[in-house]
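**Q** using only what follows, build the 3D model:
(chains A, B, C and D)
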4 protein chains.
Amino acid sequence: MLHSQDIKVRFYEIDPYNHLNHSAYVQYFEVARIELLELVGYGMAELAAAGFHIVVTGIQTRFLSPAHSGDTVTVDSEVGEIKRVTAVFNQRIRRGDIILATQTVTAAFTNPEGRPTRAPDGFMEALAPYTGTELG
Amino acid sequence: MLHSQDIKVRFYEIDPYNHLNHSAYVQYFEVARIELLELVGYGMAELAAAGFHIVVTGIQTRFLSPAHSGDTVTVDSEVGEIKRVTAVFNQRIRRGDIILATQTVTAAFTNPEGRPTRAPDGFMEALAPYTGTELG
Amino acid sequence: MLHSQDIKVRFYEIDPYNHLNHSAYVQYFEVARIELLELVGYGMAELAAAGFHIVVTGIQTRFLSPAHSGDTVTVDSEVGEIKRVTAVFNQRIRRGDIILATQTVTAAFTNPEGRPTRAPDGFMEALAPYTGTELG
Amino acid sequence: MLHSQDIKVRFYEIDPYNHLNHSAYVQYFEVARIELLELVGYGMAELAAAGFHIVVTGIQTRFLSPAHSGDTVTVDSEVGEIKRVTAVFNQRIRRGDIILATQTVTAAFTNPEGRPTRAPDGFMEALAPYTGTELG
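**A** Below you'll find the predicted structure:
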């Protein structure tokens, strides 16, 4: 199942080319992942309270078409693979049917001191409904 | 004495009007104040290590002329008044002789829990060389 | 009548104090004003197509209480005074009943070259329902 | 030859983990690329005046170690391959000898309407001194 999150493009996020700057796409992908985590009970506050950080260790992002001020875009997210320490998310941003960007993200769990650590109990199970290959 | 800090305008900070967005001016003013604090020995890390936060409680900002991508602007800062808990900074952003924005900022010391607290010992003395009325 | 806009605080907008940085409040105020303008038929794209820019010339902002990652805050906006060239907006950000920040903004119409110009026809009438003194 | 650009981490760019948010690394990489282009005579203003946009079409970024508030980091950039329409840049961010992030970026030339177009005359030659395989 895809998780879908609408985001309205903000005026100040647009660059002189009248495009959503590519770094803002990266921010939108983060916003949507965090919403998904929160939805399944592993929001950033809950994770921090349990002694976990979840940090991005890599992204591969393709920027296919520009978004503009005032556009409402949809960020689709899907869980690709979850291992002991890391999770892969496949994501895309689209405006209606037009794909604007795609991203594969690898994130890792650490303790608050930054040492890699096992994903919290139940994490994989909680995300299971969002595991898939549609965006992979 | 004025504290002066050059900042080069970044492409992604420019909005669709081809102007530095007004919120970015507010960020530049923060960057320059923090540089000044660091210069006099009260950088954010030193303050945090000593149990102090310094938070902005109010700004009055006038935006007079636009900055553009690639401009190098100068942020001038001066200390207006320091009381037990609060400090006032007067600042301006200029490109050469052209004033782009002016700001009066009030900041307050708190403990890490957010409770207002006296400025750290020596703070007023450290900033004394930058106290003035040129920008007030 | 107040215009109210909910915004969910994004993780990357939070600073090392675990607060929404004060410059992000300024961005939220802009987001809400633009929503209001769009609602009454004077969105940024419509204004630009008609040859108008609307630029911020001044803000007075008070930061009263911090917002945190994951908070949903509400930006209330009200039109204070509209003159030939300028419009004043009074705004506040709250989390439920707790006021986090207040702002008075002055904005001015310009042509695309930055020269001050009269507000577009019908602008004052369109905003009339949102004119008031509750936040003034 | 590597192009190296120092950037001081700004307080507001740090997220609640006390890390430079990963989207800010992407912004720093952009800042450094634009500096390099400007240095060799193809700054954003010059390109725009000549009818060229240069847009990012893909990034592959690895985040290896966190940067913190007040750190000065260095962005090293090198040109990987330049074709008719696209250019590849290899980049890294380091604090002294510690590599914090690496990135491969593909950028493409377009006209202002977004249609892919040949790189401007002399572009490849101008960047030749920065072509290399050290970061590839």
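
**Q** how about residue A:12, secondary structure?
**A** helix (DSSP: H, G, I helix; E, B strand; the rest coil).

**Q** wait, it sits on residue B:21?
**A** Yes - taking CB atoms under 8 Å as the definition, residue A:12 is a contact partner of residue B:21 at 4.3 Å. C-beta coordinates here come from the backbone N, C-alpha and C atoms, glycine included.

**Q** okay, buried residues for stretch A:8-19 please.
**A** A:9-19 (16 or more other CB atoms under 10 Å in any protein chain shown).

**Q** now do stretch A:60-73
**A** Residues A:60-63, A:66-67, A:69-71, A:73 are the ones in stretch A:60-73 that count as buried (16+ other CB under 10 Å).

**Q** can you tell me which of those residues are up against chain D?
**A** Among these, the ones lying near chain D by CB under 8 Å from any CB of the partner chain are A:60-63, A:66.

**Q** could I get those as TSV with pLDDT?
**A** Output for those, formatted as TSV (pLDDT from 0 to 100):
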residue	pLDDT
A:60	98
A:61	98
A:62	98
A:63	98
A:66	96
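
**Q** check these and tell me the two furthest apart.
**A** With CB to CB as the measure, no two of those lie farther apart than A:60 and A:66, at 19.4 Å.

**Q** for chain A, list the residues in contact with chain C, please.
**A** Applying CB under 8 Å from any CB, we find that chain A lies next to chain C at A:10-12, A:27, A:30-31, A:34, A:38, A:43-45, A:69-70.

**Q** nearest the geometric middle of chain A, what residue?
**A** Residue closest to the average C-alpha location in chain A (CA atoms, centre = their mean): residue A:33, at 3.2 Å.

**Q** for chain A, which spans come out with low pLDDT?
**A** Chain A contains no residues with pLDDT under 70.

**Q** so which bits of it are right by chain D?
**A** Within chain A, the positions adjacent to chain D are A:16-17, A:19, A:21-24, A:26-27, A:30, A:44, A:48, A:53, A:55-64, A:66, A:114 by CB under 8 Å from any CB.

**Q** what is the burial count for residue A:3?
**A** 21 (other CB atoms under 10 Å in any protein chain shown).

**Q** wait, it touches residue A:32, no?
**A** Yes - under the criterion of CB under 8 Å, residue A:3 makes contact with residue A:32 at 7.1 Å.

**Q** now do the shared contacts for these two.
**A** Common contact partners of residue A:3 and residue A:32 (CB atoms under 8 Å, 6 or more residues apart in numbering or on different chains): A:76-77.

**Q** which of the helices or strands spans the nearest residue to residue A:10 once chain neighbours are set aside?
**A** Spatially, and ignoring its direct neighbours in sequence, residue A:10 is nearest to residue C:31 (5.4 Å; CB to CB, 6 or more residues apart in numbering or on different chains). According to DSSP states H and E, residue C:31 maps onto helix C:22-39.

**Q** and the next helix or strand past that helix?
**A** As assigned by DSSP H and E, the chain's next helix or strand after helix C:22-39 is helix C:44-49.

**Q** the following helix or strand past that following helix pairs with which strands?
**A** Downstream of helix C:44-49, the first helix or strand assigned by DSSP H and E is strand C:53-63. In the sheet, strand C:53-63 lines up against strand B:53-63 (antiparallel), strand C:98-110 (antiparallel) (DSSP bridges).

**Q** distance to residue A:90 for these - can I get that in TSV?
**A** Shown next, in TSV, are the strands paired with strand C:53-63 (distance: least, CB to CB, whole Å):
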stretch	distance to residue A:90
strand B:53-63	39
strand C:98-110	36
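
**Q** need the overlap of contacts for residue A:12 and residue B:21.
**A** In contact with both residue A:12 and residue B:21: B:15, C:30, using CB under 8 Å, 6+ apart.

**Q** hmm, residue A:91 is touching residue A:106, no?
**A** No - taking contacts as CB under 8 Å, residue A:91 lies outside contact range of residue A:106: 12.0 Å.

**Q** ok, those two, which is more surrounded?
**A** For residue A:91 versus residue A:106, the count of surrounding residues by other CB under 10 Å is larger for residue A:91: 27 against 19.

**Q** state whether that one is indeed within a strand.
**A** Yes - assigned with three-state DSSP, residue A:91 falls within a strand.

**Q** that one: what's it in contact with?
**A** Residue A:91 neighbours (CB under 8 Å, 6+ apart): A:29, A:32-33, A:75-78, A:102-105, A:135.

**Q** which one of those sits closest to chain C?
**A** Closest to chain C out of the contacts of residue A:91 is residue A:33 (9.5 Å), distances taken as CB to the nearest CB.

**Q** is it correct that residue A:112 falls within a strand?
**A** No - read with three-state DSSP, residue A:112 is coil and lies in no strand.

**Q** from residue A:47, how far off is it?
**A** 10 Å (CB to CB, to the nearest Å).

**Q** how about the secondary structure of the residue of chain A most remote from its centre?
**A** Using CA atoms, centre = their mean, the residue of chain A lying farthest from its centre is residue A:16. It sits 25.7 Å away. Here residue A:16 is coil, with the state taken from three-state DSSP.

**Q** so it touches residue D:44, yeah?
**A** Yes - Residue A:16 is within contact range of residue D:44, at 7.3 Å (criterion: CB under 8 Å).

**Q** give me the common contacts of these two.
**A** Shared contacts of residue A:16 and residue D:44, counting by CB under 8 Å, 6+ apart, come down to B:11, B:69.

**Q** got the contact list for the closest residue to residue A:71 other than its chain neighbours?
**A** Spatial nearest neighbour of residue A:71, chain neighbours left out: residue A:9 (4.6 Å); criterion: CB to CB, 6+ apart. In this structure, residue A:9 makes contact with A:20, A:24, A:67-73, judged by CB under 8 Å, 6+ apart.

**Q** now do residue A:84
**A** Residue A:84 sits next to A:118-119 when contact means CB under 8 Å, 6+ apart.

**Q** can you give me the angle the one helix or strand residue A:88 maps to makes with helix A:22-39?
**A** Using DSSP H and E, residue A:88 sits within strand A:86-95. Here the directions of strand A:86-95 and helix A:22-39 differ by 120 degrees (axes from the mean of the first three to the mean of the last three CA atoms, to 10 degrees).

**Q** what pairs with strand A:86-95, parallel or antiparallel?
**A** Strand A:86-95 has its sheet partners listed here by DSSP bridges as strand A:72-82 (antiparallel), strand A:98-110 (antiparallel).

**Q** and of the ones you listed, who's closest to residue D:127?
**A** Among those, strand A:98-110 sits nearest to residue D:127 (CB to CB), with 26.2 Å.

**Q** list the buried ones in that closest one?
**A** Buried residues in strand A:98-110, counting neighbours by 16+ other CB under 10 Å, are found at A:100-110.

**Q** now stretch A:85-95
**A** Buried residues in stretch A:85-95 (16+ other CB under 10 Å): A:86-95.

**Q** nearest to residue B:129 among those residues?
**A** Distances from residue B:129 to the buried residues of stretch A:85-95, taken by CB to CB, are shortest for residue A:93, at 50.1 Å.

**Q** for the closest one, which residues make a bridge with it?
**A** residue A:75, residue A:101.

**Q** quick check: it vs residue A:72, distance?
**A** Distance of residue A:93 to residue A:72, given as CB to CB: 11 Å.
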